[in-house]
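Novice: can you look at this prediction? I've put the sequence above it.
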Amino acid sequence: CTGSVCARMSQSCLQADCSGHGACVFVDGSDAVLSDCKQGDLTCSAVCNCEAGYTGGDCGATLQDMADKQGLRSEMLTHLRSLTEFENPTADSVLSWTNSLSALTQKSDEVSDASVSSIERVASAVISSAVSGGEVAAGDIIGVVSALDVMSRALSNNATFRRRLAEGDSNDAAVSGIVGLLQSYGSLAAADMVPGQDPISSVQSNFRVSSSVVSGGGDDSVLTTPLSFAESLNAVPAMQISLPSGSSSGSDQLQTSSVVIQSSLYNNSGLNSNPVFFSMSQALCGDATDRSCWLNFTLHNNAPVLIDNFDYSIPHQEFNTTCGEGNTSTVTHVCDSGHEIVASCNGTEAGTFVSFCPNEHVVSVCNSLAVSNDAVGSGCEVVSFSAEVITCTCPPRTLPVAGRRRLALANESVSVNLVSMLS
């Protein structure tokens, strides 16, 4: 503060001078350079832009030094991966794998493309062994969640990854693998919980996962996705999932888990919100057409989107086509919006026929991400939407799971994923 006037300070890089080999710059989520980025602003960050020949988050390593570090870390992760493939998955060995994976993934800068698959394989072995063995709790392998976050940061920071995105490659395998493993971890955590227990959550830089257990057939339950400290400080609203009351789930408790992942990991500029993946231990009721059993999802857009304030009183633009007997001509009318209408005379009917142009406008919709991470219809209906938020109601049915390494628990039957888009 200066006198009686206070203002937020700008963000700073890890090393203010970027180790003397770069400049600290402000960027948004798409890496566009900004003039400033204030502390607490979640839409931008301060990063080091390294000069030629240097790399790393603080520009403190030469390209050769970093290549050597990445090579060594890759070798160690490959060795750990081999251990998970040949060692007996006892409780002690699973914990040892977890600790080793956590130690080897402390620095995302040193995780190369070659290391990404090893991290995923080790994480998969740890979680699958914990699920099948029944002796290791989710809290004992929390290091796997941190490792998956480092994997996601390595992907988004890696120049090769960015080049693939620019060339249209969506990197489906890696992103889907992370999502699927996080869903499995969330289900594992929920399996050991009881109704009334506080949610178990983990908030990482590129995703957050939360597990909870609610009573079946009771009052409406509203589940919220966890927020980071910075988000809470800036009053960022959490996504909400509302479960209906009185559902005939056949159980006195319902295990749930949710995963929210940064939309920037996807090569899809049409994603307005971070995708949310929600799982339940069983369907709420057997009849998907019973709207009293549908789920309500409230998604918040990462930034306000341009929504048309559509005036339904505006008349449709129209065109007249005059036909006579023996006339089989075809006329193409072009609407002011660019939409084309083709009108054809059939040669037998005479008269003047009217064609109407569609009144086009932009609205928000809730779509799902298929296994390929492409947006597909979700079967949901929009309840309300604005530039900042959309609420959809969805039938309790199983949708394709986006994570190819989904390790579902035996009684799990429902998995829904949604993302806000424009249509």
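Specialist: Looks like it arrived, so ask away.

Novice: OK, contacts around the closest residue to residue 210 other than its chain neighbours?
Specialist: Once flanking residues are discounted, residue 210 sits nearest to residue 201: 4.2 Å by Cβ to Cβ, 6 or more residues apart in numbering. For every residue, glycine as well, the C-beta is placed using N, CA and C. Residue 201 sits next to 208, 209, 210, 211, 226 when contact means Cβ atoms under 8 Å, 6 or more residues apart in numbering.

Novice: tell me the secondary structure for residue 201?
Specialist: Secondary structure for residue 201, judged by DSSP: H, G, I helix; E, B strand; the rest coil, is strand.

Novice: likewise for residue 127?
Specialist: Relying on three-state DSSP, one would call residue 127 helix.

Novice: residue contacts, residue 48?
Specialist: By Cβ under 8 Å, 6+ apart, the neighbours of residue 48 are 13-15, 18-19, 22-25, 56-59.

Novice: try 7 Å
Specialist: 13, 15, 18, 22, 24, 57, 58, 59 (Cβ atoms under 7 Å, 6 or more residues apart in numbering).

Novice: which pair in these spans the largest distance?
Specialist: 24 and 57 (11.2 Å; Cβ to Cβ).

Novice: from residue 345, how far out is residue 134?
Specialist: Distance from residue 134 to residue 345, counting by Cβ to Cβ, to the nearest Å: 74 Å.

Novice: actually residue 121, sorry about that
Specialist: Distance, residue 121 to residue 345, by Cβ to Cβ: 65 Å.

Novice: do residue 215 as well
Specialist: The spacing between residue 215 and residue 345, counted by Cβ to Cβ, is 66 Å.

Novice: more neighbours, the two?
Specialist: residue 345 (20 against 15; other Cβ atoms under 10 Å).

Novice: from residue 332, how far off is the more buried one?
Specialist: 13 Å.

Novice: which neighbours do those two share?
Specialist: Counting by Cβ under 7 Å, 6+ apart, nothing touches both residue 345 and residue 332.

Novice: burial measure for residue 154, as a count.
Specialist: Around residue 154 there are 23 other residues, counting by other Cβ under 10 Å.

Novice: number the residues from 762 up from this point.
Specialist: Done: numbering now begins at 762, and the last item shifts to residue 915.

Novice: hmm, who's touching the helix or strand containing it?
Specialist: Per DSSP states H and E, residue 915 falls inside helix 903-918. With contact meaning Cβ under 7 Å, 6+ apart, helix 903-918 is reached by 859-860, 862-863, 866, 869, 872, 877, 880-881, 884, 887-888, 922, 932, 935, 939, 942-943, 946, 963, 965-968, 970, 1025-1026.
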